[in-house]
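A.B. asks: Build me a model:
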Amino acid sequence: MTSNHERLTAELAASLSGPSADEYRERIDDQIRDAASKAERVLILRQQPYADWARSAKPDPIGAQVMKELRDDGFKVSLHYEEKQFVDYGLKIEW
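C.D. replies: Got it, this is the predicted structure:
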């Protein structure tokens with residue numbers, strides 16, 4: 001039996017499954033630039049998947065790579081977590 005489908009590799013499947021680390025980093029960089037242009041020194045990303053990257057003991061490989069790159073570039077990356085009436089958490093990036 002022959003097929004017109006390209007043979008699937010793990011690398012191809014990963015590229016089809018969502019944004020790459022580079023794409024996530026571009027999005028984060030844009031948000032950092034925007035915050036910095038407003039004289040802010042911290043950015044908290046509450047949306048998914050960013051919010052879970054710092055919260056997880058073992059973040060997904062893409063999240064771990066992006067956080068490592070941010071740290072390597074001099075940013076402080078941590079978990080923002082506050083319990084009030086509701087839990088507020090996110091990926092906190094400081095410069």
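A.B. asks: which residues are in contact with stretch 22-36?
C.D. replies: 19, 42-43, 45, 50, 62-63, 66, 69-70, 75, 93, 95 (C-beta atoms under 8 Å, 6 or more residues apart in numbering). For every residue, glycine as well, the C-beta is placed using N, CA and C.
A.B. asks: okay, which residue is most central for the chain?
C.D. replies: Compute the mean C-alpha point of the chain, and by C-alpha atoms, centre = their mean the closest residue is Y50, 4.3 Å away.
A.B. asks: Could you check how far it is from E82?
C.D. replies: Distance of Y50 to E82, given as C-beta to C-beta, to the nearest Å: 16 Å.
A.B. asks: cool, D34 as well?
C.D. replies: Counting by C-beta to C-beta - D34 and E82 are separated by 23 Å.
A.B. asks: Check A14 too.
C.D. replies: 34 Å.
A.B. asks: And P59, by the same measure?
C.D. replies: From P59 to E82 the distance is 20 Å (C-beta to C-beta).
A.B. asks: Neighbour count for these two, which is higher?
C.D. replies: Just comparing P59 and E82: by other C-beta atoms under 10 Å the higher neighbour count belongs to P59, 17 against 9.
A.B. asks: Quick check: that one touching Q65?
C.D. replies: No. The criterion here is C-beta atoms under 8 Å, and P59 misses it with Q65 at 9.2 Å.
A.B. asks: tell me what the helix or strand containing K92 is packed against?
C.D. replies: Following DSSP states H and E, one finds K92 within strand 87-94. Contact partners of strand 87-94 among helices and strands, from 3 or more C-beta pairs under 8 Å, 6 or more residues apart in numbering; DSSP states H and E: strand 42-45, helix 50-55, strand 76-83.
A.B. asks: Can I get the ones you listed in a markdown table including distance to Y89 and mean pLDDT?
C.D. replies: Below are those laid out as a markdown table (distance: least, C-beta to C-beta, whole Å; pLDDT from 0 to 100):
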| stretch | distance to Y89 | mean pLDDT |
| --- | --- | --- |
| strand 42-45 | 9 | 98 |
| helix 50-55 | 6 | 92 |
| strand 76-83 | 5 | 96 |
